[in-house]
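>>> Okay, structure incoming, though there's no sequence with it:
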């Protein structure tokens, strides 16, 4: 089914707000799912359209609520957004961009953190920007200081108010030398979206280099930006006076692809993820194989299933090219069925193991160490905020009533319920519409046994 992008938050293939999934588990998931463009690229490319003087076209846009939020925010700023002739395409016309009132921004932003990325483009176009208090999944502090510090270096004046943050650029924005204390994806995106039209050259050190970042750079280069990637996480941006619109097809969503791969592993099923590509998933595929998984890379996607009995692994999350933090949550569900002790070191966010409480309720043996583990060999440097989870298995999972905490944790709860014996009731599943297009349709196509209780 093709779902209109405007209806991403309410379409029938997503669980309505307040609904509960009654899931009867113990059945392997088998079949094919399609992954579209990456959430973490599509939403940022939509913001980039503000920088252009002409219309942009973005293709393979997923019908998810985060896209709907960004679309609404663009529209309250005067951008005309419409569907293209090709399914999953958006036409973005920024010719009538104007300032928006706080109430409008706040009403459309919801729990999204994306408004912070509007600052650079709006400062260039309007000389001012306003963002309300930021929300998002509660998986850690995720301070916006990196963003604000970078904007100040470009010459922005930042005024914190009770209702949000007001920014202005009375003297315009100028290139800057910026060194990020951590290779933050969001801060890197902020610098890119601001530097491309700033006067002079910007040198960004310790930048994030995720595939979605590289795809955003490709979008900006199509618009007329001059950006080069240097060794050792250095990005150079030469500011230009004017940018045009783009025509771009989004990179595939590797987070969703890994999620379905872990679902095949946990339920002892077989899932072909159409649209997945090997290169962007090399690190995940290595861990998947070590854990007992089997995959076949094909021209139009990747087939995932178990190869042997599941095996314990040691995983350290890290920025790209490391093992993504978004991958560890669904993987942990599968590791509850591995024979032995697995360890997951979470080094990116300080509060991403909250979802394991529900797995323990379902019978898993998981111990969270809130300050990490000191012993054992490490490849990723320790961070003060890191935690560790020790998973001992195999432990049969049984049904339970659980509440979704966040996007990836919520997906993991659904997969745990599909792995468990008996009927589980999973509430709060509407948050999955933030990152998974046509989620219920995909579950049904894979043979999942569930009902939506409204």
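Thanks, I have the structure now. These numbers come from a predicted model, not from an experiment. Numbers count the residues shown, from 1 in each chain.

>>> does the residue of the chain most remote from its centre sit in a helix, a strand or a coil?
Computed with CA atoms, centre = their mean, the residue of the chain farthest from its C-alpha average is residue 171, at 34.5 Å. The local conformation at residue 171, judged by DSSP: H, G, I helix; E, B strand; the rest coil, is coil.

>>> and it, what does it touch?
residue 155 (CB atoms under 8 Å, 6 or more residues apart in numbering). Quick note: C-beta positions are derived from backbone N, CA and C, even for glycine.

>>> and the residue nearest to residue 298 when sequence neighbours are not counted, what helix or strand is that in?
Once flanking residues are discounted, residue 298 sits nearest to residue 272: 8.0 Å by CB to CB, 6 or more residues apart in numbering. Element membership of residue 272 [criterion: DSSP states H and E] is strand 270-274.

>>> average pLDDT for that strand?
Mean per-residue pLDDT for strand 270-274: 98.

>>> Neighbouring strands - and their directions - for it?
Using DSSP bridges, strand 270-274 pairs in its sheet with strand 30-34 (parallel), strand 301-306 (antiparallel).

>>> residue contacts, residue 434?
39, 64, 65, 66, 407.

>>> re earlier: quick one: contacts of the strand holding residue 272?
By CB under 8 Å, 6+ apart, the surrounding residues in contact with strand 270-274 are 28-35, 257, 260-261, 263-264, 298, 300-305, 446.

>>> Please pick the buried ones from those.
Neighbour-count burial (16 or more other CB atoms under 10 Å) applied to these gives 28-31, 33-35, 257, 260-261, 263-264, 301-305, 446.

>>> quick one: the strands in the stretch 1-150 of the chain?
20-24, 30-34, 56-59, 80-83, 90-93, 128-132 (DSSP state E, counting those that start in this stretch).

>>> quick one: which of the ones you listed is nearest residue 187?
Taking CB to CB, strand 128-132 is the member of these nearest to residue 187, at 14.8 Å.

>>> right, and residue 174 touches residue 195 too?
No - using CB atoms under 8 Å, residue 174 is not in contact with residue 195, being 9.8 Å away.

>>> Which one's more surrounded, these two?
Per other CB atoms under 10 Å, whichever of residue 174 and residue 195 has more neighbours is residue 195, with 29 against 16.

>>> How many residues are close by the residue nearest to residue 298?
20.

>>> Got the confidence number for residue 1?
Residue 1 is given a pLDDT of 29.

>>> actually residue 188, not the one I wrote
With respect to pLDDT, residue 188 has a value of 96.

>>> Look up the closest residue to it, ignoring the ones flanking it.
Residue 188's closest residue in space is residue 208 (CB to CB, 6+ apart), at 4.1 Å.

>>> How much space separates that neighbour from residue 217?
Distance, residue 208 to residue 217, using CB to CB, to the nearest Å: 11 Å.

>>> Could you do residue 274 as well?
From residue 274 to residue 217 the distance is 26 Å (CB to CB).

>>> Can you pick out the residue with more neighbours from the two?
residue 217 (20 against 16).

>>> Surely that one and residue 227 touch.
Yes - with contact defined as CB under 8 Å, residue 217 and residue 227 form a contacting pair (5.2 Å).

>>> what residues do these two have in common as contacts?
Going by CB under 8 Å, 6+ apart, residues that sit against residue 217 and also against residue 227 are 192, 235.

>>> Can you name the helix or strand that residue 425 falls in?
Judged by DSSP H and E, residue 425 forms part of strand 423-427.

>>> That strand - which strands sit beside it in the sheet, and in what orientation?
strand 20-24 (antiparallel), strand 401-403 (parallel).

>>> buried stuff in the last one?
Read it as strand 401-403. Under 16+ other CB under 10 Å, the buried positions of strand 401-403 are residue 402.

>>> which helices and strands sit right next to the helix or strand following that strand?
For strand 401-403, the following helix or strand on the C-terminal side (DSSP H and E) is helix 407-419. With contacts defined as 3 or more CB pairs under 8 Å, 6 or more residues apart in numbering; DSSP states H and E, helix 407-419 has these neighbours: strand 20-24, helix 254-267, helix 325-335, helix 356-361, strand 401-403, strand 423-427.

>>> Recalculate using a threshold of 7 Å.
With contacts taken as 3 or more CB pairs under 7 Å, 6 or more residues apart in numbering; DSSP states H and E, helix 407-419 sits against strand 20-24, helix 254-267, helix 325-335, strand 423-427.

>>> now the angle from that helix to helix 254-267?
Relative orientation of helix 407-419 versus helix 254-267 (axes from the mean of the first three to the mean of the last three CA atoms, to 10 degrees): 20 degrees.

>>> before we move on, back to that, output the strands of the stretch 1-150 of the chain in TSV, with mean pLDDT and distance to residue 113 appended to each entry.
TSV is the format used below for the strands of the stretch 1-150 of the chain (pLDDT from 0 to 100; distance: least, CB to CB, whole Å):
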stretch	mean pLDDT	distance to residue 113
strand 20-24	95	26
strand 30-34	98	27
strand 56-59	98	20
strand 80-83	97	20
strand 90-93	98	20
strand 128-132	86	9
